[in-house]
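Participant: Structure, please.
(chains A and B)
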Amino acid sequence: MTTPELNDEQLDQLLAKARDSWRVSDAPDHDALWSRIEHEAFDTPAVQPGRAAPGWRTLTWVAAAALAVGAGIGRYSAPTVPGPVVVESNVPEASRDRRDNPLSLTTSEYLGETSALLASLERDAHDGAVSARFASDASSLLSTTRLLIDAPAAGDPELRALLSDLELVLAQIARLPARRDNEELEFINEAILARDVVPRLRLAAIDYAPQGN
Amino acid sequence: MTIPATPLESPDRADERDLIARVLLGDRSAARALYDAHVSRVHRVVFRLCGDAELAGEFTQDTFVRAFQQLAKFRGESSFATWLHRVAVTTAMNGLRKVKRIRDREVALEHAGEMGAWEHGTDHALKQRLHAALEALPESQRSTLILHDLEGYTHQEIATTLGVAEGTSKSRLFMARNALRRTLADLAPDVQH
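Facilitator: Numbering: from 1, shown residues only, chains lettered A, B, ... in the order given. Okay, here's the model as predicted:
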């Protein structure tokens, strides 16, 4: 016996049933939902329009300086007396391995620049404007990303995973058309948030900060 | 396609423009009026996309928070409802990517046809089979099918909302419908020609 075919018309009839029966919500409690909306939309201070924000290259220097200070504080505040074996053998060695990586300086600079670009991008998404420079800078960083992914020295699995995510994000930014009210920009920022790119980027930047900074 | 599109227009656009202008001046009662006019429809679409009451509530709230915060960007080129629904779908789809537990609810497509004791001719059993088959679709296909076939979005609207090409939306719908046709083939005698 052959299995009967389900034609388009029959499928549409089934979907009409689904429309009335599948994932049909009860009416939401309007007041309960509203309280959080009102608080977050109206009680949270908005970014002041018209206040000039620093360019992302400025932010690169700020990020680099913050990293240097952070790495310095970390180094000088580390206990001089040997601590428990697990502390000595795990975390610091991982960081040392990363700093010993021959590409660590390039990686560190790249991570700082990418971090600053993404911070700038997030800020500009609120303003709805995209400068053409974003695309060209992202394109340049994308080349570095690919070089780092292909480099034999880039064996750190966490870094490789981060680089793969950054490759996707930077490729999207590199294709962004320059215009105001750019909704694609918002979409990219959502993806950055969903993949926790920025916190991972900051951690990696600290790990790869060169010694002596 | 026999399923009619569901219009996203709201009844009185002039009043709505006035409400939007007042919200931009910080009038919370105007914001509440806009919210009351649209919350049920937004919640319905979001619930359809996520299938979870708690998440639907969160995504609905996130939608309105974002919409009010970005209201200055709404320039009236489309209706407010269309703009708001784009925000809602984007919010829900991005939120869903973060929520792994939804995937745990999915049933492998090959098993969807075997779900439950199938009693031919019973409307309840037919719906159970249909719902299981819809749950078993891959998320990208299911969301496209929901928006197009159940919520009446055009491929162009889906493409813009989900950030994909219009052709991608069409091919995802084609794959989703083919998968349902295959999975539910044995229901053919129970559905009128």
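Participant: any idea which helix or strand comes after the one helix or strand B:Gln61 maps to?
Facilitator: Assigned by DSSP states H and E, B:Gln61 falls within helix B:53-69. Next along the chain after helix B:53-69, taking DSSP H and E as the criterion, comes helix B:80-98.
Participant: hang on, the earlier thing: can you give me the angle the helix holding B:Gln61 makes with helix B:80-98?
Facilitator: Counting by axes from the mean of the first three to the mean of the last three C-alpha atoms, to 10 degrees, helix B:53-69 lies at 130 degrees to helix B:80-98.
Participant: Alpha carbons of helix B:53-69, as PDB, please.
Facilitator: Extracted in PDB, the C-alpha atoms of helix B:53-69 (Å, rounded to 0.1, in the frame of the first residue of the first chain):
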ATOM      1  CA  ALA B  53       4.800  31.600  28.500                       C
ATOM      2  CA  GLU B  54       7.600  32.900  30.700                       C
ATOM      3  CA  LEU B  55       9.900  33.800  27.800                       C
ATOM      4  CA  ALA B  56       7.100  35.300  25.900                       C
ATOM      5  CA  GLY B  57       6.400  37.700  28.800                       C
ATOM      6  CA  GLU B  58      10.100  38.600  29.000                       C
ATOM      7  CA  PHE B  59      10.500  39.100  25.200                       C
ATOM      8  CA  THR B  60       7.300  41.200  25.100                       C
ATOM      9  CA  GLN B  61       8.700  43.500  27.800                       C
ATOM     10  CA  ASP B  62      12.100  43.700  26.100                       C
ATOM     11  CA  THR B  63      10.300  44.600  22.900                       C
ATOM     12  CA  PHE B  64       8.400  47.500  24.400                       C
ATOM     13  CA  VAL B  65      11.400  48.800  26.300                       C
ATOM     14  CA  ARG B  66      13.500  48.800  23.100                       C
ATOM     15  CA  ALA B  67      10.700  50.300  21.100                       C
ATOM     16  CA  PHE B  68      10.200  53.200  23.600                       C
ATOM     17  CA  GLN B  69      13.900  53.800  23.900                       C
END
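Participant: That one near chain A at all?
Facilitator: Yes. Helix B:53-69 reaches chain A (C-beta under 8 Å from any C-beta of the partner chain) through B:Ala53, B:Ala56, B:Gly57, B:Thr60, B:Gln61, B:Phe64, B:Val65, B:Phe68, B:Gln69. The C-beta positions use only the backbone N, C-alpha and C, and glycine is treated the same way.
Participant: How about residues contacting the strand or helix carrying B:Asn178?
Facilitator: Per DSSP H and E: B:Asn178 is located in helix B:166-183. With contacts defined as C-beta atoms under 8 Å, 6 or more residues apart in numbering or on different chains, helix B:166-183 is touched by A:5-6, A:8, A:11, A:14, B:109, B:112-113, B:133-134, B:136-137, B:140-142, B:144-145, B:148-149, B:155-156, B:158-159, B:162, B:164.
Participant: Return the list of helices and strands in contact with the longest helix along chain A.
Facilitator: Longest helix in chain A, counting residues (DSSP state H): helix A:104-127. Here helix A:104-127 touches helix A:56-77, helix A:132-150, helix A:157-174, helix A:183-194, helix A:197-208, going by 3 or more C-beta pairs under 8 Å, 6 or more residues apart in numbering or on different chains; DSSP states H and E.
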